[in-house]
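Chemist: quick one, what's the 3D model for this:
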Amino acid sequence: MKNFNLRTWVMLALLAALGAVFSAFLSIELTPTGVKTVEISLTPIPVMLAGILFGPVAGALVGFVADTAGFFMGAQVGAYNPAFSLTMALFGVIAGLFYLKSRKNTIWRVTLASAAAQVVCSVVLNTLFVWQFYGVPLQALLPTRLVAAAIELPVYAWLLMALVEALRPIVARQLKAAPAA
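Modeler: Here you go, the predicted structure:
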């Protein structure tokens, strides 16, 4: 975080705000078991973008803030649970780790980053959290969550590929223009 200047913080805040809006207003909640078991959302896109463009710590910050703010902005049912915000933060960490050594953007790298984040966060952790906190049987959860992940993965990979290519030069130009602190 030593390299975070004011422009970086502003860009991260914009990504977090975009994620919060996606979470609050542009999510599709599926309740085949009577409890929200699956949420199809674009919220991970700005979170993973933050991780890819600014690093894993930035991705974690954006993910946690986006999910928390999105929960309180939207018409959610039930109490706030920070475990789900931590898994959204993990989306940014995982995506950022895939781009830590090399900034080269390839369809394989972005697909692997998206798949790893989807499997770890959505399929494994969030499934376990819904089972643990709400008592929904794993047999009912897993099939719907796997289908949702299969739908989201190509969408995430395609959007991330396009957005990273489009935004990387803009971010680099903005950070280069920032005065040294």
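
Chemist: how about residues contacting the helix or strand harbouring residue 110?
Modeler: Using DSSP states H and E, residue 110 sits within helix 107-117. For helix 107-117, the external contacting residues (C-beta atoms under 8 Å, 6 or more residues apart in numbering) are 44, 48, 52, 90-91, 94-95, 98-99, 102, 153, 156-157, 160-161, 164. Bear in mind the C-beta positions are built from the backbone N, C-alpha and C, glycine included.

Chemist: quick one: pLDDT of residue 52?
Modeler: Predicted confidence (pLDDT) for residue 52: 95.

Chemist: measure it to residue 4 for me?
Modeler: According to C-beta to C-beta, to the nearest Å, residue 52 stands 16 Å off from residue 4.

Chemist: average pLDDT across stretch 135-155?
Modeler: Per-region confidence: stretch 135-155 scores 88 on mean pLDDT.

Chemist: and that stretch, what's buried?
Modeler: Using 16 or more other C-beta atoms under 10 Å as the burial criterion, the residues of stretch 135-155 that qualify are 136, 140, 141, 144, 145, 148, 149, 152, 153.

Chemist: residues in contact with the residue sitting nearest the centre point of the chain?
Modeler: Centroid-nearest residue in the chain: residue 44, 2.4 Å away (criterion: C-alpha atoms, centre = their mean). Going by C-beta under 8 Å, 6+ apart, residue 44 touches 19, 63, 88, 91, 117, 121, 152, 156.

Chemist: check which helices and strands the helix or strand of the chain with the lowest mean pLDDT is in contact with.
Modeler: Lowest on mean pLDDT, DSSP states H and E among the helices and strands of the chain sits strand 28-30, with a mean of 75. For strand 28-30, the elements it packs on are strand 38-40, judged by 3 or more C-beta pairs under 8 Å, 6 or more residues apart in numbering; DSSP states H and E.

Chemist: count of neighbours near residue 87?
Modeler: 22 (other C-beta atoms under 10 Å).

Chemist: how near is it to residue 47?
Modeler: From residue 87 to residue 47 the distance is 10 Å (C-beta to C-beta).

Chemist: that older thread, could I get the average pLDDT for the helix holding residue 110?
Modeler: Taken as a whole, helix 107-117 has a mean pLDDT of 93.

Chemist: that older thread, the more surrounded of residue 52 and residue 4?
Modeler: Using other C-beta under 10 Å, the more surrounded residue of residue 52 and residue 4 is residue 52, with 28 against 16.
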